[in-house]
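> Okay, sequence plus prediction incoming.
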Amino acid sequence: MGLVVDADTLLLDVNLATITENGQPYGIVRNAALTMAGGQITWVGQQSELPELNQEPLIESLKGQWLTPGLIDCHTHLVFAGNRADEFEQRLQGVSYADIAAQGGGIQRTVSATRAASEQELLQLALQRATTLLSQGVTCIEVKSGYGLDSQTELKMLRVARQLAEHLPIKVQTTFLGAHALPPEYADNADAYIDMLCNELLPQVAQQKLADAVDVFCESIGFTVEQTRRVFEQAKALDLPVKLHAEQLTNMGGSALAASFNALSVDHIEYLDETGVQAIAQSGTVATLLPGAFYYLKETQKPPIDLLRQYKVPMALATDFNPGSSPICNLPLMINMACTLFGLTPEEALQGVTINAAKALGMEQHIGSIEVGKQADLVCWDISHPNQLAYQIGNHSIIKMWQNGAVINL
Ligand code: DI6
Ligand code: FE
């Protein structure tokens, strides 16, 4: 008796970049077939070895095209109002990002605009951005709060993020980033703001199930390691995983703290040193690289890629899409930038927006690779090899996409 596989859909004559460790670069399987049932992948392998199926599936030949897992943007701030093009002009004149923030620009500008916007307006803006990402092959996004900095607006942002998945065939993971900047109401009293976050806002966020994780901007122009620890302790008490904006502009030791809380990821990390890399290697924390912010801020300090490789830290890649340091709504561009700016290989970069991005969201059991048991979030590309996804900028054509096994109308 051979294996009988459950299948409502059968894809034939396809080349797969499975992004699994099957001994081939990119986890390639050529001349493959794939079956799905109930939104999950039920069989993957050489077409010549296709087993018996339990029903008549819908059959589709992909004519030798390439399939990858759906891309995952694991770090975005895509719910916000307004833009900061004038600050871009100032920065081109030589004013630094930190100076603009110190003068009341930067994040505060976006906070004012986001507080003033209605939930509907924010949703419309966020839907346009999420639709853009979806059209690039992105089937899952993470979205942070952090442009409200008061209870009302932080909750509004998280509700908007949650609503994206009701309107679009895209998965959304939300992250509470109340500790993104100090709001004007708490000027010069960061500890009191952290008290408010821990005692009032975070419990509401948890109770309303509005966040899947908690993040802090731990930085010279953000919050201290000690303040970060207090937020993380409350997140832990509420059973929420943590992640951290760490070591972006200076080496504060935030990554080591994050590791001690088994953080899902530490993000940016241009200034991370070997001790920090060792700490995150031990905790299994993902290093999320954000080449868009590096490029936009004209940073010259690169993240410690060789050390991350040496200690086998999984590297994820994301857009950090936000109106200040990375107004870039383009995940495929990050695949290229990670190679050109940071020296990742095209294979590492593709892992960064698939399996390692899934790990950075704690979702690697469900998405991020083409494997039996995972959700059928798939992209069929008009390419002749997966390395083309790193090589080419701006003209990737997508033939077809699936979210949970259902064809996405592009
Ligand atoms: N790091 C960043 O790169 C963004 N936030 C953060 O903590 C920048 C956000 C902004 O400038 O609006
Ligand atoms: Fe960010």
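Thanks, I have the structure now. Ligands and ions are numbered 1, 2, ... in the order given.
> Show me which residues of the stretch 201-350 of the chain sit near ligand 1.
217, 245, 248, 293, 320, 322-325 (C-beta under 6 Å from any ligand atom). Any C-beta I mention is one placed from the backbone N, CA and C, and that applies to glycine too.
> In helices, which of those appear?
residue 293 (DSSP state H).
> which one of the residues of the stretch 201-350 of the chain next to ligand 1 sits closest to ligand 1?
Closest approach to ligand 1 among these (C-beta to the nearest ligand atom): residue 324, at 2.1 Å.
> what's the closest one sitting at in phi/psi?
phi -110, psi -70 (degrees, to the nearest 10).
> still on that earlier bit, now the residues of the stretch 201-350 of the chain next to ligand 1 as JSON lines including neighbour count and distance to residue 355?
Shown next, in JSON lines, are these (neighbours: other C-beta atoms under 10 Å; distance: C-beta to C-beta, whole Å):
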{"residue": "217", "neighbour count": "22", "distance to residue 355": "26"}
{"residue": "245", "neighbour count": "30", "distance to residue 355": "22"}
{"residue": "248", "neighbour count": "30", "distance to residue 355": "24"}
{"residue": "293", "neighbour count": "25", "distance to residue 355": "22"}
{"residue": "320", "neighbour count": "29", "distance to residue 355": "19"}
{"residue": "322", "neighbour count": "26", "distance to residue 355": "25"}
{"residue": "323", "neighbour count": "23", "distance to residue 355": "29"}
{"residue": "324", "neighbour count": "25", "distance to residue 355": "29"}
{"residue": "325", "neighbour count": "24", "distance to residue 355": "26"}
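> Let me know the closest of the residues of the stretch 201-350 of the chain next to ligand 1 to residue 16.
Proximity of these to residue 16 (C-beta to C-beta) peaks at residue 320, which lies at 29.3 Å.
> List the contacts of the closest one.
75-77, 267-268, 290, 292-293, 326, 328 (C-beta atoms under 8 Å, 6 or more residues apart in numbering).
> Which ones among these lie within strands?
Among the contacts of residue 320, the members falling in strands (DSSP state E) are 267-268.
> who wins for most neighbours among the contacts of residue 320?
Top of these by neighbour number is residue 75, holding 31 neighbours under the definition other C-beta atoms under 10 Å.
> one step back: tell me the one of the residues of the stretch 201-350 of the chain next to ligand 1 nearest residue 37?
Checking those one by one against residue 37 (C-beta to C-beta), the nearest turns out to be residue 320, at 36.3 Å.
> Starting from residue 62, give me the distance back to that closest one.
Distance, residue 320 to residue 62, by C-beta to C-beta, to the nearest Å: 33 Å.
> just residue 51 next, same as before
Applying C-beta to C-beta to residue 51 and residue 62 gives a distance of 19 Å.
> which of these two has more neighbours?
The residue with more neighbours, out of residue 51 and residue 62, is residue 62; 19 against 15, by other C-beta under 10 Å.
> quick one: secondary structure of residue 109?
helix (DSSP: H, G, I helix; E, B strand; the rest coil).
> can I assume it is in contact with residue 83?
No - contact criterion C-beta atoms under 8 Å: residue 109 and residue 83 do not qualify, at 9.3 Å.
> Which one's more surrounded, the two?
residue 109 (20 against 14).
> Might you report the residue contacts of that one?
Contacts for residue 109 were tallied using C-beta under 8 Å, 6+ apart; they are 82, 84, 87.
> I figured the second one hits residue 324, correct?
Yep, that's residue 84 we're talking about. Yes - Residue 84 lies in contact with residue 324 (C-beta under 8 Å); the separation is 5.6 Å.
> which residues are in contact with both of the two?
What both residue 84 and residue 324 touch, as defined by C-beta under 8 Å, 6+ apart, is the set 106, 110.
> wait, is residue 15 part of a strand?
Yes - according to three-state DSSP, the state of residue 15 is that of a strand.
> and it, what is it in contact with?
28-32, 64-67.
> May I have the beta-bridge partners of it?
residue 66 (DSSP bridges).
> how near is it to residue 368?
Counting by C-beta to C-beta, the gap from residue 15 to residue 368 is 19 Å.
> any chance you could map the strands in the stretch 51-200 of the chain?
52-53, 58-61, 66-69, 71-73, 138-144, 171-179 (DSSP state E, counting those that start in this stretch).
> cool, and the stretch 301-410 of the chain?
315-317, 378-381, 398-403, 406-407.
> Put the alpha carbons of the longest one into PDB.
What follows is strand 398-403 as a C-alpha-only set of coordinates in PDB (Å, rounded to 0.1, in the frame of the first residue of the first chain):
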ATOM      1  CA  ILE A 398       4.400  37.600 -10.800                       C
ATOM      2  CA  ILE A 399       2.300  35.100 -12.600                       C
ATOM      3  CA  LYS A 400       0.200  33.900  -9.700                       C
ATOM      4  CA  MET A 401       0.000  34.000  -5.900                       C
ATOM      5  CA  TRP A 402      -1.800  31.900  -3.300                       C
ATOM      6  CA  GLN A 403      -2.800  32.800   0.300                       C
END
